[in-house]
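Colleague: Pasting the sequence and the predicted model now:
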Amino acid sequence: MDCVFCKIANGEIPSKKVYEDDKVLAFCDLQPQAPVHILIIPKEHISSAADITPENSAIVAHIYEVAAKLAKANHLDDGFRIVCNVGKEGGQSVMHLHFHLLGGRSMKWPPG
């Protein structure tokens, strides 16, 4: 498999890790869109949120638990955004489930 996020999770490609446990890895985005921009990925390859099943859905809850810890650690007390793009039309550029934790500035809707 030629998945860049799998390679990052396996340590084949370096990243600026901010959190790691046996299930997930969190690291700084290379092209940050906010003062805090962290990617949170499962270590197990799941292509996208469209591939969540009863067998693997617990990882999503765990990712949100990690996101809450990271938000607190980064002093995002006034709020933050969690984004999960799904598929090419949804803006997903790496076909490995991942969540963007964004904060440190005012967020707008629609996104911008």
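Modeller: Structure received.
Colleague: Now Lys23: closest residue in space, sequence neighbours ignored.
Modeller: Excluding its sequence neighbours, the residue lying closest to Lys23 (C-beta to C-beta, 6 or more residues apart in numbering) is His62, at 5.6 Å. For every residue, glycine as well, the C-beta is placed using N, CA and C.
Colleague: what about the one you found, helix or strand, and which?
Modeller: Element membership of His62 [criterion: DSSP states H and E] is helix 58-73.
Colleague: What is that helix packed up against?
Modeller: Using 3 or more C-beta pairs under 8 Å, 6 or more residues apart in numbering; DSSP states H and E, the elements in contact with helix 58-73 are strand 17-20, strand 24-28, strand 36-42, strand 80-83, strand 99-103.
Colleague: can I get the CA coordinates of the third one in PDB?
Modeller: The C-alpha coordinates for strand 36-42 follow below in PDB (Å, rounded to 0.1, in the frame of the first residue of the first chain):
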ATOM      1  CA  VAL A  36      -3.100  25.300  15.600                       C
ATOM      2  CA  HIS A  37      -3.600  22.700  12.800                       C
ATOM      3  CA  ILE A  38      -3.200  19.100  13.900                       C
ATOM      4  CA  LEU A  39      -4.000  16.000  11.900                       C
ATOM      5  CA  ILE A  40      -5.300  13.000  13.900                       C
ATOM      6  CA  ILE A  41      -5.200   9.700  12.100                       C
ATOM      7  CA  PRO A  42      -5.900   6.100  13.100                       C
END
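Colleague: Which elements pack onto it?
Modeller: Counting by 3+ C-beta pairs under 8 Å, 6+ apart, strand 36-42 packs on helix 4-9, strand 24-28, helix 58-73, strand 99-103.
Colleague: Okay, buried residues for the third one please.
Modeller: When you say that, I think you mean helix 58-73. Ile59, Val60, Ile63, Val66, Ala67, Leu70, Ala71 (16 or more other C-beta atoms under 10 Å).
Colleague: same check, this time on stretch 39-48
Modeller: Under the neighbour-count criterion of 16+ other C-beta under 10 Å, stretch 39-48 has Leu39, Ile40, Ile41, Pro42, Lys43, Ile46, Ser48 buried.
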